[in-house]
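Enquirer: Give me coordinates for this.
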Amino acid sequence: MHNIIHIDEKWFYMSKRSENYYLLPDEEEPLRTCQSKNFIPKVMFLAAISRPRFDTQRTEIFSGKVGIFPFVTQEPAKRTSVNRSVGTLETKPITSIKKEVIKSFLIEKVLPAIKAKWPRDDLRQPIFIQQDNARTHIGIDDANFCRAATEDGFDIRLMYQPANSPDLNVLDLGFFRAIQSLTHKEAPTTVDELVNAVVKSFEAFSTVESDKIFLTLQTCMIEIMKAKGSNKYKIPHSKKVVLERYGQLPTRMKCNPTLVQEVLDYLSF
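Expert: Here you go, the predicted structure:
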């Protein structure tokens, strides 16, 4: 799975509707303000991540973190206020994410990040970007993307994620939830602070934990095979923390060859 990059979009909110605080007896309760709890400010991000790489001593070679990119724009302030003067550039969220916006981010941000960060030993090998089937996503044979993806000697291709299968994307499987929790600890109050908090949380997330999510992804694949393609299954617990403690954490999950043959027979039926 080292040559597959998972991408997806997610809204990150400035704050939650309710939060718990542990305060000292004489400590003041934090003040949180919002015009409406039903319309909490938010920013959408496009994240791209692949499986981390380690050597035989489990020393990190490649973090797998291609990047996380906010859908924001810079606009000059139309009038003077107590916070800024007229003409000052303000960061505004892009609220309408259309296909052309996704396409420009893929070509102008994701592809350059891949080419800059990808391990030099695998530059000539195919790299697959897995996206879901959202309407805003471009086709896998988009001419502009294919042209940009093959420049500089790279072979980068788009592929679709199976429909209605969120467990087959590591971002939905646990990565987004983890960095969302890290972001809330920063308590951002502006769009710029929110963007910085999300990017900081993305970079701070442990590559070891990220690698574990890829192992969970493999267990989900096995369960899907057992369910004959259905999503009626429970994500199994593999006791990865215990295995890691004893130095027995596998690099990949084993799949019964009999199960593989049963699935092949089922597909050909």
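Enquirer: What segments of this structure are helices?
Expert: Under the criterion DSSP state H, helices of the chain are mapped to 99-105, 111-117, 143-149, 170, 176-186, 191-204, 207-226, 240-245, 257-267.
Enquirer: deepest of the ones you listed, which one?
Expert: Highest mean neighbour count among those (mean count of other C-beta atoms under 10 Å): helix 170, with a mean of 28. C-beta here means a position set from N, CA and C on the backbone, and glycine is covered the same way.
Enquirer: can you map out the strands along the stretch 51-200 of the chain?
Expert: Taking DSSP state E, counting those that start in this stretch to define them, one finds strands in the stretch 51-200 of the chain at 53-54, 60-62, 65-70, 72-76, 89-93, 127-131, 156-160.
Enquirer: Out of these, which is closest to L182?
Expert: Closest to L182 of the strands of the stretch 51-200 of the chain, according to C-beta to C-beta: strand 65-70, at 12.0 Å.
Enquirer: can you give me the angle the closest one makes with helix 207-226?
Expert: Between strand 65-70 and helix 207-226, the angle comes out at 90 degrees (axes from the mean of the first three to the mean of the last three C-alpha atoms, to 10 degrees).
Enquirer: Mind giving me the packing neighbours of strand 65-70?
Expert: Applying 3 or more C-beta pairs under 8 Å, 6 or more residues apart in numbering; DSSP states H and E, we find strand 65-70 packed against strand 42-50, helix 111-117, helix 191-204.
Enquirer: Ignoring the adjacent residues along the chain, who's closest to A113?
Expert: G67 (4.3 Å; C-beta to C-beta, 6 or more residues apart in numbering).
Enquirer: so what's that neighbour bridging to?
Expert: A48 (DSSP bridges).
Enquirer: What is the burial count for it?
Expert: 20 (other C-beta atoms under 10 Å).
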